[in-house]
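**Q** The sequence and its predicted three-dimensional model are supplied below.
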Amino acid sequence: YRAGQSTYLVGSDPFGYFAQVGQGDVPVYPTLEDRSVDVGELYAFFCRAALELTRRFYEDGWQPDVIHCHDWPTGLVPVCAKRELPDVVCLKDTRVVFTVHNMSDVVYQGGWFGPELLGYAGLPKRLFHEGHVRHRGHVNFMKAGIVFSDRVNTVSEGYAREISSGKTESFVTLDGTRKRFKCSGGLDRVWSRYHVNLIGIRNGIDDSYDPARIGEGEDWQFVDEDWKSNYAPAGGQSVAGWAYGIGDPHLLRKKQDIKRYLQERCNRVLKTRFEVSSKVPVIAVRSRLTEQKGFDLILEGLQQWRHAWPVQFIIVAWGEKRYARQLKKLAATHPEWIAFSDSWKTAPEPLHYAGADMLLMPSLFEPCGLPHMMALRYGTIPIVRQTGGLADVVQDFDPSSKTGNGFDFRSPKVREMLRAIGRALETYYQSP
């Protein structure tokens, strides 16, 4: 936030789409999977409204230098601004940047609309027939944004390489089906065909993820009173007061204190039977429950778990019910070493990351990812699949040279993930 910065909200659309969002079953940001509104018309209207706003600015004597568009809902802005509205004087010197956050399939590309949508947006259908906005027989908002923008970027250097390579990978689902996937979602040829100069600029994290600021912020209201009780070593202080000055030489001791508190909280809130001990390593998983995040690998890995070393998994994740059901079943079967919650209130992010020793992120693909960077801020070691932004940040630990900041594996296979976890646990127990 900056003082004097203005935010404009779009409304008064002819079909009342923006009056519906956030009401009842209509999400604030509808996706292609939502049937509650016509998302094609909604975002086409949004794109035109944003350009109309620039016209109003121009009339008031101001012109934007750059219009920055994010992901498929804004994909028609570059088409209108750079190709189809040449009479719009207010945009003739304006550059358009389009940022790709995820393009793995049509859901993230805005890619299953008919050509009639172009007419609603005030664009000619010839754009469809010429192929500039068409992909696999449908209007594709993301392709449109890529083709017509002055510059295109994405959220990590690694992901930029992956979506332009056309590489196909595969993994095995829980039911034994082998599935193939492309990080590009099939749009990998667009870069060369239209001579697009794609660059990667890695995401960053908020400076609130700071060990010295543990306990600050509204998320902690769910644990603060509990923390002051006999269950935590705060001596009647607030979490923030206890954590003040958490820097060396007391960081390790306080991290161990937080881990014991997290273990004990899981025992009370989630009815686990964890041993409350700083010696037992905790592996955190915090994510949306989706196929992309590698939950087929995680579930199969937990079912196959045979390591001799004691370990505790604390999983906080929300999303697809098919994964949640399996995780609840595993947690009920193995309360000594698996905890699962689909509520973030169980453990605010800083508590979860700070209390764990390691963070598991076996994503099939990851445009950038944030949890591995957040975890590192709290001295928590990431175990990741070598993909996208994960590969850019995490360097595999080399025991001979003592270099690296995590553990990784390349192939999206359960055995590869278990080997990486095994190496991390071996390092923890042999070189704590």
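**A** All right, it came through fine.

**Q** Would you agree Val285 falls within a strand?
**A** Yes: applying DSSP: H, G, I helix; E, B strand; the rest coil, one finds Val285 inside a strand.

**Q** Apart from its neighbours in sequence, what residue is nearest it?
**A** Nearest non-adjacent residue to Val285, counting by Cβ to Cβ, 6 or more residues apart in numbering: Ile315, 4.3 Å away. C-beta: built from backbone N, CA, C; applies to glycine.

**Q** Go ahead and confirm that neighbour touches Ser341.
**A** Yes: Ile315 lies in contact with Ser341 (Cβ atoms under 8 Å); the separation is 7.4 Å.

**Q** Neighbour count: these two, which is higher?
**A** Counted by other Cβ atoms under 10 Å, Ile315 and Ser341 do not tie: Ile315 has more neighbours, with 23 against 20.

**Q** residues in contact with whichever strand or helix holds the more buried one?
**A** For Ile315, the enclosing helix or strand under DSSP states H and E is strand 312-319. Applying Cβ atoms under 8 Å, 6 or more residues apart in numbering, the external contacts of strand 312-319 come out as 262-263, 266, 274-275, 280-290, 293, 295, 298, 302, 323-324, 327, 331, 337-344, 346-347, 352, 355-356, 360.

**Q** how near is the residue most central in space within the chain to Leu418?
**A** The centre of the chain sits closest to Gly369, judged by Cα atoms, centre = their mean, with a distance of 5.0 Å. Gly369 sits 21 Å away from Leu418, taking Cβ to Cβ, to the nearest Å as the criterion.

**Q** Show me what the helix or strand hosting Leu359 is packed against.
**A** Taking DSSP H and E as the criterion, Leu359 maps to strand 358-361. Counting by 3 or more Cβ pairs under 8 Å, 6 or more residues apart in numbering; DSSP states H and E, the packing neighbours recorded for strand 358-361 are strand 282-289, helix 371-377, strand 381-385, helix 414-430.

**Q** make it 6 Å
**A** Other elements packing on strand 358-361 under the criterion 3 or more Cβ pairs under 6 Å, 6 or more residues apart in numbering; DSSP states H and E are strand 282-289, strand 381-385.

**Q** Of those, flag the one that's most buried.
**A** Each of those was given a mean neighbour count from mean count of other Cβ atoms under 10 Å, and the largest, a mean of 25, is that of strand 381-385.

**Q** quick one: average confidence on it?
**A** Per-residue pLDDT over strand 381-385 has a mean of 97.

**Q** which residues touch it?
**A** The contact list for strand 381-385, computed with Cβ atoms under 6 Å, 6 or more residues apart in numbering, reads 358-363, 372, 375, 390, 394, 406-409, 420-421, 424.

**Q** where in the stretch 151-300 of the chain is pLDDT low?
**A** 215, 217-251 (pLDDT under 70).

**Q** Can you show me the CA trace of stretch 292-307 as PDB?
**A** Provided in PDB are the C-alpha atoms of stretch 292-307 (Å, rounded to 0.1, in the frame of the first residue of the first chain):
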ATOM      1  CA  GLN A 292      -0.600 -30.100  -9.200                       C
ATOM      2  CA  LYS A 293       0.800 -29.900  -5.600                       C
ATOM      3  CA  GLY A 294       1.800 -33.600  -5.800                       C
ATOM      4  CA  PHE A 295      -0.800 -35.000  -3.400                       C
ATOM      5  CA  ASP A 296      -0.900 -38.300  -5.300                       C
ATOM      6  CA  LEU A 297       2.800 -38.700  -4.500                       C
ATOM      7  CA  ILE A 298       2.300 -37.600  -0.900                       C
ATOM      8  CA  LEU A 299      -0.600 -40.000  -0.200                       C
ATOM      9  CA  GLU A 300       1.200 -42.900  -1.900                       C
ATOM     10  CA  GLY A 301       4.400 -42.100   0.000                       C
ATOM     11  CA  LEU A 302       2.600 -42.000   3.400                       C
ATOM     12  CA  GLN A 303       1.000 -45.400   2.600                       C
ATOM     13  CA  GLN A 304       4.400 -46.800   1.700                       C
ATOM     14  CA  TRP A 305       6.300 -45.200   4.600                       C
ATOM     15  CA  ARG A 306       8.900 -47.600   6.100                       C
ATOM     16  CA  HIS A 307      11.700 -45.400   7.400                       C
END
